[in-house]
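>>> when you get a sec, could you give me coordinates for this:
(one chain, ligands or ions: 1)
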Amino acid sequence: MKKLTAYWHRLTLKRKWALTSASVLFISFALVCVILYIAINSWLLNEEKTSVTRSMDDLTAFFETRGSNLTINEMQHNTGLMNSIVDKDQTVRILNTDGIEILRLNNTSEEIPDLPQNIPLKGYTIQQVKVDGADSFVAIGHLRLGNFDGYLQLTHPLTSLASLMKYILTSMLLMGLIALIASWFISSALATLLLQPLKRLSSDMKRVAAHRFEAPIQVTVDSQDEIGDLVKVYKQMMTELESAFLQQQRFISDASHELRTPIQVLEGHLSMIQRWGKDDPEVLNESLMTSIDEVRRMKQLIEELLELARHEAKDISQGAIVAEQTEIVMKEMKTIAPNAEINLHYNEDFHNVRVMISENAYRQILHNILQNAVRYTSSIPSINIYLTFDLNNCTIVIEDNGIGMSPESLEHIFERFYRVDKARSREHGGTGLGLSIVKMLIDKYDGTLEVSSALNEGTTFTIHLPLFLVQESI
Ligand code: ADP
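So this is what the prediction gives:
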């Protein structure tokens, strides 16, 4: 069995297909043939038996109408009438009680069949026995004519039935063989035809993989069936994979570029300290200050990169009370930008509204947006936060009076390392990752984010987060 399973696993899909359909076809054909064969055989046997019964009944009726005064001698000279009763392939014998033949009609079988043990006194028995080496029906009953006591025996050979059945069997075997060969060829051809798109798909996959996902996808399938669906899914998957691959490559090159800058600055200042810093306290102090700044920047960059790379599971066990968490972030912000004006607006009934997000994630989202609102402004920052909710969602609107962004810039602000003004961002300790983290977190917690902005007027971020609905226990 193990060998058979291993052999099956080694077969190609085409072979498996052809083998299965050919076997199913052949087995069904064989089953129909067997049932047909048995049905024909039993029906024909029944016909033969009916013929024996008819001859025996007619003979018995003949002897009964002739009466008890009919002698064997008369019968021997009068066989014509009896001959018309029996079929020409049936042999009729009248035997005495010792089983010696007294009279015989026809001679289709030489051998006198053995007398059975229990011959009924009235009527007759029919048995299927071998006579002259061939299957035959033998009917036997008691015969009393005047003072003669003996048996009436009829032998009905089944040779024509046997040869008919042999002919049917040979034809069926021959037809079965033809059906097997035909079904093998038809199944193979069908399998080749149906599996052709899969073959093309697999060679296309190999080609794309060999070119490290950079080669274009070429396979096309017009069919609307499962294989057509598979090719569609493959193409879709490959496009996504390709863009993820390119995005990853860009991310790695951007990240290494961003990390290289502070390291180079650090290296320069450390060399300066080594050369002149020992003797010049001013150089030493300035270089140390700049180095500390760069190390801080690097630390922040690494932390944000790790935040993006970490794929932590969602934590929605508790949810976050929006008003409470917003106030915590506002307090933090006030310590960073004491001159910023941040106002929070919400109705009384909003007080305990909870959203499906972890407190940490919510605070980080708000922190990044508020930090940008404080950073990218040319006047005193004035920020308004509006909190509202409906049946399913909570809406958080953050409005600032900053420098705003052009529609072209707005399209890219969620891309990693994108900065409208690189120098300005760097000056404020920006890394270009803040909004990417915001987007990633909002997506993770099934929220949505919209931004609208106008140059020199300000920017508005609108966040929708699903409400945390507590299932009331009865
Ligand atoms: P950064 O660390 O540079 O702030 P972000 O991903 O947080 O990176 O933001 C990307 C860019 O989008 C910023 O560099 C900035 O140019 C622009 N930006 C973000 N928020 C605002 C805002 N409130 N007003 C104006 N420009 C903004």
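>>> gap between residue 445 and the ligand?
From residue 445 across to the ligand, the span is 19 Å (C-beta to the nearest ligand atom, to the nearest Å). C-beta coordinates here come from the backbone N, C-alpha and C atoms, glycine included.
>>> residues near that residue, how many?
19 (other C-beta atoms under 10 Å).
>>> can you offset everything so residue one is 51?
Okay, residue one is now 51; in that scheme the one you just asked about reads as residue 495.
>>> list phi and psi for the closest residue to it other than its chain neighbours.
Spatial nearest neighbour of residue 495, chain neighbours left out: residue 407 (4.4 Å); criterion: C-beta to C-beta, 6 or more residues apart in numbering. The phi/psi pair for residue 407 (degrees, to the nearest 10) reads phi -160, psi 150.
>>> for residue 407, what are its contacts?
366, 369-370, 491, 495, 497, 515 (C-beta atoms under 8 Å, 6 or more residues apart in numbering).
>>> can you redo these as a markdown table with pLDDT and secondary structure?
Shown next, in a markdown table, are these (pLDDT from 0 to 100; DSSP: H, G, I helix; E, B strand; the rest coil):
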| residue | pLDDT | secondary structure |
| --- | --- | --- |
| 366 | 82 | coil |
| 369 | 92 | coil |
| 370 | 95 | strand |
| 491 | 92 | helix |
| 495 | 94 | coil |
| 497 | 97 | coil |
| 515 | 97 | strand |
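>>> now do the helix or strand harbouring residue 352: distance to the chain's middle.
For residue 352, the element it lies in under DSSP states H and E is helix 331-359. Counting by C-alpha atoms, centre = their mean, to the nearest Å, helix 331-359 is centred 53 Å from the centre of its parent chain.
>>> next helix or strand past that helix?
Next in line after helix 331-359, if elements are assigned by DSSP H and E, sits strand 370-371.
>>> what residues does that following strand touch?
Applying C-beta under 8 Å, 6+ apart, the external contacts of strand 370-371 come out as 402-405, 407-409, 411-412, 518.
>>> so does the next helix or strand after that strand get close to the ligand?
For strand 370-371, the following helix or strand on the C-terminal side (DSSP H and E) is helix 372-386. No: Helix 372-386 stays clear of the ligand (C-beta under 6 Å from any ligand atom), getting no nearer than 13.1 Å.
>>> and the next element down the chain from helix 372-386?
strand 391-395.
>>> buried residues in that following strand, which are they?
residue 392 (16 or more other C-beta atoms under 10 Å).
>>> same check on stretch 169-181?
174, 181.
>>> chain center to the least confident helix or strand in the chain by mean pLDDT, what's the gap?
Scoring the helices and strands of the chain by mean pLDDT, DSSP states H and E places helix 122-126 at the bottom, with a mean of 75. Using C-alpha atoms, centre = their mean, the mean C-alpha position of helix 122-126 is found 86 Å from that of the whole chain.
>>> which members of the contacts of strand 370-371 are positioned in helices?
409, 411-412 (DSSP state H).
>>> buried members of the residues you listed into PyMOL, please.
To isolate the buried members of the ones in helices among the contacts of strand 370-371 in PyMOL, using 16+ other C-beta under 10 Å:
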select buried, resi 411+412
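>>> and the ones in helices among the contacts of strand 370-371 as CSV, adding distance to the ligand?
Below are those laid out as CSV (distance: C-beta to the nearest ligand atom, whole Å):
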residue, distance to the ligand
409, 21
411, 16
412, 17
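>>> on the three-state scheme, residue 120 is what?
Secondary structure for residue 120, judged by DSSP: H, G, I helix; E, B strand; the rest coil, is coil.
>>> so it touches residue 197, yeah?
No: contact criterion C-beta atoms under 8 Å: residue 120 and residue 197 do not qualify, at 11.6 Å.
>>> so between the two, which is more surrounded?
More neighbours surround residue 120 than the other of residue 120 and residue 197, with 16 against 7 (other C-beta under 10 Å).
>>> dump the residue contacts of the nearest residue to the more buried one once chain neighbours are set aside.
Once flanking residues are discounted, residue 120 sits nearest to residue 195: 5.4 Å by C-beta to C-beta, 6+ apart. When contacts are counted by C-beta under 8 Å, 6+ apart, residue 195 touches 113, 118, 120-122, 125.
>>> from the geometric centre of the protein, which residue sits farthest away?
residue 119 (88.7 Å; C-alpha atoms, centre = their mean).
>>> mind pulling up the pLDDT for that one?
Looking at residue 119, its pLDDT is 70.
>>> re earlier: right, is the helix holding residue 352 up against the ligand?
No: Helix 331-359 stays out of contact with the ligand when judged by C-beta under 6 Å from any ligand atom, the minimum separation being 8.2 Å.
>>> can you give me the buried ones in that helix?
Result for helix 331-359 [16+ other C-beta under 10 Å]: buried residues 333-334, 337, 341, 344, 347-348, 351, 354-355.
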